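Visitor: need coordinates for the following:
(one chain, ligands or ions: 2)
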Amino acid sequence: MDYSPSETDSTQLRYTGVGVSPGRVIAPLIPMAPPVAAPPEGEALTGDPESAVERLSEAATSVKTELKERAERARSEAAAEVLKATALMAGDKALIKNAAKLVRNHSLSPERALWDAASGYADQMRAMGGYMAERAADIEDVRARIVAELRGMPAPGVPQRTEPFVLAAEDLAPADTAVLDPRTVVALVTSSGGPQSHTAILARNLGLPAVVAATGVTDIESGTTVFVDGAAGSIVSHPRTEQEQAVAAWHRVSEQLASFDGHGALADGTEVPLLANVGTADDARAAAAAGAQGVGLLRTEFCFLGRDTEPTVEEQTESYVEIFQAFGSAKIVVRTLDAGADKPLPFLTDTTEPNPALGVRGYRTDWTTPGVLERQLRAIAAAAQQTEANVWVMAPMISTAGESAHFAELVHAAGLAVSGVMVETPAAAITAEQILDRVDFVSLGTNDLTQYTMAADRMLGSLAELNSPWQPAVLRMIERTAAGARAASSESGVHKNVGVCGEAAADPALAVVLVGLGVDTLSMSPRSLAAVAAVLARVDLERARSVAHTALHATSAHEAREAVRAQLPVLEELGL
Ligand code: PEP
Ligand code: MG
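Guide: Ligands and ions are numbered 1, 2, ... in the order given. Reported below is the predicted structural model:
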């Protein structure tokens, strides 16, 4: 793939990356403000100390006011809480008093004085550990904002604007995503990040067009008008009539893609239930409203994140009940805690592990901290009893048939009927038949299956090409899993369901390939349901199988994707 910008004519520049969320827009591009550098150590005061102290306190007040205003406009309660807490820190009198002392007594510049005073607080908080230590990063955020204000520079992070714009960044961190306002940010483009990065997941959740791994986009001058095509993975500066027409065409088809009627099926009537990935009760209600036919992945770690201690069985039950209730009697696939690697939990995971993605994560935490899993299963069983939901339970990060058998025992001992495991490791894919001997279903976690098959960290933009579920090696893992499930089904006389709940299911072209490989159900962020359903409805099983055959025999991810897209003209027709 060509990652360098190319001139389309004398004034237009085209940047190519990986399209991760469809949509076409034209808007000015604004880069994420760079991090604020520390003022030089011991930077001396120039001028009068009293006017420096006054500037300092004015800067802090203006940061506080801005944060409070943003809290009022926040799109979620959680984002509002983060912003309010940060505003309180910016208005902390003791912080300004300490900084003022450093200006008056040590003749430090107001920037350096504030930096030192805030750093002192952050260090103290870190030393306290637990919740307080987590707040240290917030103090550092306030520190950067006040220093930027004193310097007359843009605040770090996502730019705040009232007009629509395309946000360009190296990659987005979860903290940036909490404060991103989709009313003004109309597309995301990043120079780094892969299809499984936070940027990609966020874009799909919000329904924003997005292109990742587009080298050079952060160098585009701020304010330049650009055209973004989130399906083709391209960004073109100074758009012309051709791009304006492409945007207008997208508006026409996107109306067709705005809603899902709640029934996933191929053109020949083959049912392909389309489910949703959720983490919270709010997500579950939104997914039900979007027509999802159930939940294919409930990431229960969201009920635990940010906690120093294990939630009680009662607390967990309450959270699960609220989520289950959103779906009446539909199927809910609950994944037990997937802690570790990029989701560390203080009471379960060891942060000193040298290689956490290959360490004690997911189901394996039951070996080092027994009891947590059993208590979680008890809570899931209690919630299932209190609701109508058809509850299925699965374990993450399974590698052997022995682990699968042990998990099934625990699930049944808790009084739950349907057990399954995720296929996220090549070991699980290759031994799917044996793994399915004791459990009722498998769900392919293609995000991790891709990173482990390709030995490529899913968070690294520089490995985006390797880290693609279109890689023929990954598709062969999926094919192998489906074949194992067919063998286990005929052996037992009971159909063993194969689902996909990784991001691959949300790509309409790949969804066809997955069905052709033998996948029964697809689970994705609710925003992707309508597009996936629209494409599946135009393809029959025979065609899906032939498309899957093409993809399996390609020699690269790029070739697989291009060959499949060429065989599915409906994608171009719908602008996907
Ligand atoms: C996956 O690995 O594909 C998956 C669905 O799990 P997570 O993204 O939560 O690791
Ligand atoms: Mg996973």
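Visitor: what does the strand or helix carrying R135 rub up against?
Guide: Per DSSP states H and E, R135 falls inside helix 130-151. Identification of contacts with helix 130-151 by CB atoms under 8 Å, 6 or more residues apart in numbering yields 33, 35-36, 39, 55-56, 59-60, 62-63, 67, 82, 85-86, 89-90, 95, 110-111, 114-115, 118-119, 121-123, 125-127, 154-157, 175, 306, 308, 346. For the C-beta atoms, the positions are set from N, CA and C on the backbone; glycine is no exception.
Visitor: just checking, next helix/strand downstream of it?
Guide: Counting by DSSP H and E, what follows helix 130-151 is strand 165-169.
Visitor: partner strands of that following strand, with direction?
Guide: Here strand 165-169 has these sheet partners by DSSP bridges: strand 24-31 (parallel), strand 185-190 (parallel).
Visitor: out of the ones you listed, which is closest to ligand 1?
Guide: Closest approach to ligand 1 among the strands paired with strand 165-169 is made by strand 185-190 (18.5 Å; CB to the nearest ligand atom).
Visitor: ok, and what's touching that closest one?
Guide: Contacts for strand 185-190 (CB under 8 Å, 6+ apart): 15, 17, 21, 23, 25, 27, 29, 158, 164-172, 197, 199, 202-203, 208-214, 217-218, 226, 228, 230, 235, 461.
Visitor: cool, and stretch 553-572?
Guide: Under CB under 8 Å, 6+ apart, the answer for stretch 553-572 is 1, 231, 465-466, 468, 470-472, 475, 508-510, 512-513, 534-535, 538-539, 543, 546-547, 550-552.
Visitor: which ones are touching the residue nearest in space to the middle of the chain?
Guide: Central residue of the chain (CA atoms, centre = their mean): I201, 3.3 Å from the mean position. For I201, the contacting residues are E503, S525, by CB under 8 Å, 6+ apart.
Visitor: over to the residue in the stretch 1-150 of the chain positioned nearest to ligand 2: give its phi and psi.
Guide: Here the stretch 1-150 of the chain gets closest to ligand 2 at one residue, V20, 17.3 Å apart by CB to the ion. When read as degrees, to the nearest 10, the backbone of V20 gives phi -120, psi -10.
Visitor: could you give the number of residues near the residue lying closest to it once chain neighbours are set aside?
Guide: Excluding the flanking residues, the one nearest V20 by CB to CB, 6 or more residues apart in numbering is A200, at 4.0 Å. Look at A200: counted by other CB atoms under 10 Å, it has 28 neighbours.
Visitor: which residues touch A200?
Guide: V20, S21, G193, G194, A210, V212, E503 are the contacts of A200 under CB under 8 Å, 6+ apart.
Visitor: just the buried ones from the residues you listed?
Guide: V20, S21, G193, G194, A210, V212, E503 (16 or more other CB atoms under 10 Å).
Visitor: I'd assumed N447 was in contact with the last one.
Guide: Yes - counting by CB atoms under 8 Å, N447 is a contact partner of E503 at 5.7 Å.
Visitor: look at W470 and give its secondary structure.
Guide: Secondary structure state of W470, per DSSP: H, G, I helix; E, B strand; the rest coil, is coil.
Visitor: list the contacts for it?
Guide: So W470 contacts L510, A551, A557, H558, A560, R561 (CB under 8 Å, 6+ apart).
Visitor: for those, which one is nearest ligand 1?
Guide: Among the contacts of W470, and counting by CB to the nearest ligand atom, the member closest to ligand 1 is L510, at 12.8 Å.
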